[in-house]
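Trainee: Sequence first, then the predicted structure:
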Amino acid sequence: MQTALLIEQILNGLQFGVMLFLMAAGLTLIFGVMGLINLAHGSLYMIGAFACATVAAATGSFWLGLVASLAAAAAAGAIVEVTVIRRLYDRDHLDQVLATFALILIFSEGTRWVFGSFPLYLDIPPLLRGALPLPGGGAYPAYRLAIIGVGIAVAVGLYLLISRTRLGMRIRAGESDREMIAALGVDIRTLYTVVFALGAALAGLAGALVGALQSVQVGMGEPVLILAFVVIVIGGIGSIKGALVGAVLVGVIDTLGRFLLPVAFATFMDASSAAGIGAALASMLIYVFMALVLAIRPQGLFSAQG
Amino acid sequence: MRKFLAAGVIALSTSVAGGAFAEPVKIGMITTLSGGGAGLGVDVRDGFMLALKQAGNSEVELIVEDDARKPELAVQIADKMIQSDKVDILTGIIWSNLAMAVVPNAVNQGTFYLSPNAGPSALAGANCNKNYFNVAWQNDNLHEAAGAYAAEAGYKKVFIMAPNYPAGTDALTGFKRFYEGDLANEVYTKLGQTDYAAEIAQIRASGADAVFFFLPGGMGIAFMKQYAQSGVELPLVGPAFSFSQDILGAVGDAAIGVKNTSQWSKDIDNDTNKAFVETFQAEYGRLPSLYASQGFDTANLILSAAAKADVKDQDAFRAALKEADFSSTRGDFAFASNHHPIQDIYVREVIKEGDTLTNKIVGVALEDHQDAYAAECKM
């Protein structure tokens, strides 16, 4: 049973990492191309979840909800970019943080105003209910496997988009020299809006996928946002590859830490305090890892600018 | 029928309140109305306001402020309410960490504090205060009842889990106080954690025969949904907080059949409770949760004391509060020497009534239960 448990925990870590990747990819793309720190990324995640829950409740179809979450988050992202974010590119990071923090408050209270304070219901689609057997005797929820699949598909899709398409070429050009690509006649304003909407749609997708597993409520985005920042700092700011590697590392380290540390402490102290101390240390583990990465490679594992 | 009951309640409350008070009463309510967990504060507030509205007494003034679940904000609001609004009574706080930040200071300044929810062990034992009354429960109580239920149901190897913060450790301590079998494992999760895959994997591998968990609010919704998908089919036991009316809808059918412990349920058979459920539903268009019943009881306790004594005469008012001479939604209700409730705690089961998920009582876990800290309280 112990191997089955380990396999299950590694899958859990992978699934958590893949979900973080969906958030971190948008965040790092926006930072890489526009140089913008977007604290409101968590709000786009929340919008995705609420859109999915609302449409799924109205139509009875999770899949329509998923489409709605992509559309709603992308639309919200585009609107916010045009009305607010566009004015922030030339400002310093402190102004950006202030303005996007204001956006968090506006989105949170706006959502509460529309949907109320009570959590919404969003369930897993019937197709993906239940658990699949694992080698070694365990079982693993089908829905979580599907999330891993979606994450891998998004990673491959982003890779192809950025390395093989014209839009991707412009994104890369924007990352290395913003003024020059504007001078070359590329419509940089539209490019920024498209990149922002793309990042927002990924956050919305993550929100909808996770909303079915967890709870859809106001404020759900902020804890994930903090982890997404940890991921892009570890992976290297602006790098999609870094975001993927960082996200999987954070996911696996966090999950295995929560599982193994209390067991390790229990070998030399009583079970109750081992559980408490192990859990406390496990919650610090990814931040310790981030500090280590920063000490050894301050630019992150795969820096876009390095 | 509904109108008749509502009228009955109003008549009842005014007879309790007895018309005009000797002095107007000013109440400050600090509760969580925004951010995660706002549903609890909204229910306490709505229950409280319903009682005031039914009493129809114009001499009660209520100020409500939102603490956003932030201790520093709660402290600021409390200072403002005591210093500049000059409230006689504070109430409303949902979370134990906020209560610990506000209550000791407020009661030492001679303001009454009536807790409609949080009941940290520190305020029930050595640090109890004559001006502090808890109208809900001491934190350990519902978990103690869950432990008693687990023992009675014959579980031999229970997996127990709670978030790593004071109320979480209180929860597991409370459970262990009344549970008699072995523990399969004892796990502390991160406060605010929303993904329980790692813990569910441990439950699967642990060889337990039941799972006890204390995960209030959004944490419980997430755990229940993930547990239902995991293929693990061990019975679940928990306190009411993960199965209260405000979140059952979001948990969905995964909750059906789960046993949970509570001092209140909408089917407790007494007239006050029936009327409360009926009028709450008529007023707000939703079923009340245990939090709403606690807010309702707190307001009625204040009204009953204000009818007997002048709130400025603190000794008389305190004695009037202590008598708990109000008609509680829980039926029998009395204060122990440490101003915490002595009350029955029930075992409820989640059922589906039509399309609505709700709870029904299936037994009594602990009768006339009093908390374990009263002896340490020297008042």
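Mentor: Thanks, I have the structure now.

Trainee: which is the next helix or strand following the helix or strand B:Y346 falls within?
Mentor: In this structure, B:Y346 sits in strand B:341-353 according to DSSP states H and E. Downstream of strand B:341-353, the first helix or strand assigned by DSSP H and E is strand B:356-369.

Trainee: tell me how far the ends of stretch B:31-40 are from each other?
Mentor: 9 Å (Cα to Cα, to the nearest Å).

Trainee: What backbone torsions are found at B:D267?
Mentor: Per-residue torsions, B:D267: phi -100, psi 20 (degrees, to the nearest 10).

Trainee: burial measure for it, as a count.
Mentor: Using other Cβ atoms under 10 Å in any protein chain shown, B:D267 has 13 neighbouring residues. In short, each C-beta sits where N, CA and C put it, glycine included.

Trainee: And for the residue of the stretch 1-150 of chain B found nearest chain A, nearest residue in space, chain neighbours not counted?
Mentor: As assessed by Cβ to the nearest Cβ, chain A sits closest to B:A38 within the stretch 1-150 of chain B, at 3.9 Å. Closest residue to B:A38 apart from its sequence neighbours, by Cβ to Cβ, 6 or more residues apart in numbering or on different chains: A:S117 at 3.9 Å.

Trainee: secondary structure class for that neighbour?
Mentor: coil (DSSP: H, G, I helix; E, B strand; the rest coil).

Trainee: pLDDT value on it, please?
Mentor: You'll see A:S117 listed with a pLDDT of 77.

Trainee: Quick one: residues contacting it.
Mentor: Applying Cβ atoms under 8 Å, 6 or more residues apart in numbering or on different chains, we find A:S117 in contact with A:V218, B:L33, B:S34, B:A38, B:G39, B:V42.

Trainee: I figured the fourth one was touching B:R45, is that so?
Mentor: No: with contact defined as Cβ atoms under 8 Å, B:A38 does not reach B:R45; the gap is 10.1 Å.

Trainee: Tell me which of the two has more neighbours.
Mentor: Neighbour totals were compared for B:A38 and B:R45, and B:A38 leads with 25 against 22 (other Cβ under 10 Å).

Trainee: what are the phi and psi angles of that one?
Mentor: phi -70, psi -30.

Trainee: Provide a list of residues in contact with it.
Mentor: B:A38 neighbours (Cβ under 8 Å, 6+ apart): A:R112, A:S117, A:V218, B:T32.

Trainee: now those as JSON lines including distance to A:S283?
Mentor: As requested, the contacts of B:A38 are exported to JSON lines (distance: Cβ to Cβ, whole Å):
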{"residue": "A:R112", "distance to A:S283": "28"}
{"residue": "A:S117", "distance to A:S283": "27"}
{"residue": "A:V218", "distance to A:S283": "23"}
{"residue": "B:T32", "distance to A:S283": "23"}
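
Trainee: Identify, from these, the entry nearest to B:G217.
Mentor: Nearest to B:G217 out of those is B:T32 (Cβ to Cβ; 10.1 Å).

Trainee: Compute the distance between that closest one and B:A292, please.
Mentor: Distance, B:T32 to B:A292, by Cβ to Cβ, to the nearest Å: 14 Å.

Trainee: Which residue of those two possesses the greater neighbour count?
Mentor: The residue with more neighbours, out of B:T32 and B:A292, is B:A292; 31 against 27, by other Cβ under 10 Å.

Trainee: wait, the more buried one sits on B:G41?
Mentor: No: with contact defined as Cβ under 8 Å, B:A292 does not reach B:G41; the gap is 10.9 Å.

Trainee: Just give me the least confident of the contacts of B:A38.
Mentor: Among the contacts of B:A38, A:S117 has the weakest pLDDT, 77.

Trainee: Right, I'll leave it there.
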